[in-house]
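Asks: sequence? don't have it. structure:
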């Protein structure tokens, strides 16, 4: 009986989705456009590559491989051949990343992009994606609502049909949408944006229209390993180019209270 019980327990454990972190390696390289000494664009990159043979790894890797292919096969060849995009003739483009969360069924990755534009200076941008590792959207990036519910403890295989009666503390989040959350957060974060502007962190010419055009709470967020959803201001809004941007972390409970 003991052997049978152990066998049944092993089967049960095997059926439980793995919640441990995945292994993320750096896929690095560099390209010159055009090739040779007379290049006008030098591209140095690092993209995430998830180890494993499962569907989640394959889907996430495909996402970043498509991003790399777009840069190397379309964007940079076009820039190198376009007179208006050559600037001073020696333009550096650097792509890098950081893993912001790698646990509890979620992998959250921040991409950093830096481009020199001759006398126009440096252009910086950031993009975050948070992937479902085990649930109904395995290998896909989740919405703001989905990430918030997952950070609150809702399994990612229940995001589609989660019921408010099962999670009474999350009723507004469950009934709401990412767009509704984004609208509320724009109102909540705009006063903080104004404070940063007065402190000289944000560009002096950035008004509310610029704030709402550049910052989208439904896109400019990531999951952290403390169970929070962290929103970030795009570098384009800042007085000085930097990836050290202002961050606004919220727990799921705090986001629920805002709705």
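Replies: On my side now, so go ahead. Since this is a predicted model, take the numbers as computed values, not measurements.

Asks: Shouldn't residue 145 be within a helix?
Replies: Yes. Secondary structure of residue 145 (DSSP: H, G, I helix; E, B strand; the rest coil): part of a helix.

Asks: I figured it hits residue 179, correct?
Replies: No. If you go by C-beta atoms under 8 Å, residue 145 and residue 179 don't touch, sitting 9.0 Å apart. (Each C-beta comes from the backbone N, C-alpha and C, glycine too.)

Asks: In terms of neighbours, single out the busier of these two.
Replies: For residue 145 versus residue 179, neighbours defined as other C-beta atoms under 10 Å are more numerous around residue 145 (20 against 13).

Asks: For that one, which non-adjacent residue is spatially closest?
Replies: residue 178 (4.6 Å; C-beta to C-beta, 6 or more residues apart in numbering).

Asks: How confident was the prediction at the one you found?
Replies: As predicted, residue 178 sits at a pLDDT of 98.

Asks: Can I take it that residue 197 is in a helix?
Replies: Yes. The assignment for residue 197 (three-state DSSP) places it in a helix.

Asks: Assign the nearest residue to it once chain neighbours are set aside to helix, strand or coil.
Replies: Distances taken as C-beta to C-beta, 6+ apart put residue 206 closest to residue 197, at 6.5 Å, once the chain neighbours are dropped. Secondary structure, three-state DSSP: residue 206 is coil.

Asks: what sits against residue 206?
Replies: The contact partners of residue 206, taken as C-beta atoms under 8 Å, 6 or more residues apart in numbering, are 197, 214, 237.

Asks: Could you check how far it is from residue 232?
Replies: 15 Å (C-beta to C-beta, to the nearest Å).

Asks: Fine by me, we can end here.
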